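Got a sequence here, can you build the structure:
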Amino acid sequence: MNNRFTRNPYLLFSPLLFFYCYLVKVHKWKSLYGDEIRYVDFAHNLMRGFYSPTPHINLWNGPGYPLLITPFIALKVPVLYITMLNALFLYLAIVWLFKSIQTVANYKIALILCLLFAFFPNAQAILPILYTEAFTMLLVSGLIYSVTRYYYGGHKYNYILAGLILGIIILTKIIFGYVVILCLLAGSASLLFKEHRATFRRPVKILIIAFLTASPYLVYTNHLTGKILYWGNSGGMSLYWMSSPYEHEYGDWKVPTLTNHQYPILFKSPEATAMLQKNHSKEFKVILAEKSEIKQDELFKQAAVRNIKQHPGKFLVNYYYNISRMLFNFPYSYSYQDGAIVRNILIGSLIFWASVLGLITTFINWRRVIPAVRFLLFITGIYLLASGALSSYPRQFDVMVPALLFWLGFLIANTQSLSLKFKADND
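Residues are numbered from 1 along each chain as shown. Alright, predicted model coming up:
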């Protein structure tokens, strides 16, 4: 019985499901806040038969998560119980990651890495929030599992499942739309060379299915905006803040009212607000005077490109700060210090240096790295590089932690172990 329990990941990790439900119950806010309001509003739109209202178009995020919660909103399920889905999502993400790592490593490595993931503070922090991150972690783990089964011993049609999951990831996190297009272009170009066809044929099939899965949404956005490959209108403002050329501004997003009432600590600082308005009020007045949200998005992008051209060095510095925020949740413009930064630095540093060591090991042994790991590592790398070009936060990084653990699990299993013991005496 004990062996059956430890070998079945659904049973092995089942206590976590109850623990996660407890975290949601204890920490869930009584009222909606932040992005929760937008997701619920989109769900109500879908119940009325449309996604974006017109003529004021709102395509701030993809329809993946609103589609998920719409049935529960329609049935008037209390928000607390809808949020409980996050507990199920994270639990299943751990199970599927465990099964994936076991395929390329062994039981012990899979167990240790999945327990690290299970008690990863950032993963637990998003559980009580009606945000997309727990669902995205589940999808990423599902992608890893389906890709692994496609390459190693699973049904040959698992590439269809992998493509469908990646397509849903696009609809949930629209930045993956650009990631998939870039990967598809690179993969398709590689198919032109005979020596690369065997390597890239499988990934390209997955990417094509992913793009086709998300394409109905592109048809919809084209109908609303007249633009091709238009994923959403949130990128312009994010890129604008990322390109900020001003001192003491680090690329993090600020509210359009230009008040410093923003994460990580909600506080009102007259000095910070005055600086934000001095630096940005003129630009914002011109842009927000446009009644079209799509036109506003264009103007924000134009302003961002202008900032980047005029201050390329500051853009690179802000990019560096974005990577720092994804790993360490620091720094933020005009914000007080937060004691939690110490914990974030410790955990982020472990992830950073493990990844650096992993990249060196991967580079040295590239020819022996299995195709599934190469494919997932490529998608992860493109996504993280693209995320750094926008206002970035830990949750952008956290969703890819399953992919990083899968990669590190493979490397650990195939790297010669190091010993910390002294050499034995010859005497």
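
could you point out which element follows the longest helix anywhere in the chain?
Across the chain, the longest stretch assigned as helix under DSSP state H is helix 197-225. Using DSSP states H and E, the next helix or strand after helix 197-225 towards the C-terminus is helix 235-242.

which helices and strands does that next one pack with?
In terms of contacts (3 or more Cβ pairs under 8 Å, 6 or more residues apart in numbering; DSSP states H and E), helix 235-242 is packed against helix 293-310, helix 312-328. C-betas here are computed from N, CA, C, even on glycine.

Next, format those as TSV and append mean neighbour count and distance to Y33.
Formatted as TSV, the helices and strands packed on helix 235-242 follow (neighbours: other Cβ atoms under 10 Å; distance: least, Cβ to Cβ, whole Å):
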stretch	mean neighbour count	distance to Y33
helix 293-310	18	22
helix 312-328	18	21
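
looking at these, which is closest to L166?
helix 312-328 (21.2 Å; Cβ to Cβ).

which residues of the stretch 251-400 of the chain score low on pLDDT?
Within the stretch 251-400 of the chain, the stretches with pLDDT under 70 are 260-268.

Show me where it has its strands.
Listed in chain order, the stretch 251-400 of the chain contains no strands at all (DSSP state E, counting those that start in this stretch).

ok, which stretches of it are helices?
Under the criterion DSSP state H, counting those that start in this stretch, the stretch 251-400 of the chain contains helices at 270-288, 293-310, 312-328, 340-364, 371-387, 394-398.

contact partners of the shortest one?
The set of residues that contact helix 394-398 without belonging to it, under Cβ atoms under 8 Å, 6 or more residues apart in numbering, is 120, 122-123, 126, 131, 133, 137, 325-327, 329, 344, 384, 387.

right, and the helix or strand after that helix?
helix 401-414.

mind giving me the domain ranges of this protein?
9-226+366-413, 235-328 (automatic domain parsing).

Single out the most deeply packed of these.
Across those, the average number of neighbours (mean count of other Cβ atoms under 10 Å) peaks for domain 9-226+366-413, which reaches a mean of 19.

Start and end of that one, how far apart?
Using Cα to Cα, to the nearest Å, the end-to-end distance of domain 9-226+366-413 comes to 20 Å.

how close does the spatially closest residue to H280 that is not a sequence neighbour get to T83?
Leaving aside its sequence neighbours, H280 sits nearest to L258 (Cβ to Cβ, 6 or more residues apart in numbering; 5.7 Å). From L258 across to T83, the span is 31 Å (Cβ to Cβ, to the nearest Å).

Surely G154 touches T148?
Yes: counting by Cβ atoms under 8 Å, T148 is a contact partner of G154 at 7.4 Å.

circling back: which stretch among the helices of the stretch 251-400 of the chain comes nearest K108?
Among the helices of the stretch 251-400 of the chain, if distance is taken as Cβ to Cβ, the winner is helix 340-364, at 17.5 Å.

how far out from the middle of the chain is that closest one?
In this view, helix 340-364 has its centroid 17 Å away from the chain centroid, taken as Cα atoms, centre = their mean, to the nearest Å.

That one to helix 401-414, inter-axis angle?
When axes from the mean of the first three to the mean of the last three Cα atoms, to 10 degrees is applied, the directions of helix 340-364 and helix 401-414 differ by 50 degrees.

which residues are contacting helix 340-364?
Looking at helix 340-364 with Cβ under 8 Å, 6+ apart, the contacting residues turn out to be 120-122, 327-330, 369, 377, 394, 401, 404, 407-408, 411, 415.

what's the farthest-apart pair in those?
Counting by Cβ to Cβ, the most remote pair of the contacts of helix 340-364 is F330 and V369, 32.6 Å apart.

mind listing what E293 touches?
Here E293 is in contact with H56, I57, N58, L59, N233 (Cβ under 8 Å, 6+ apart).
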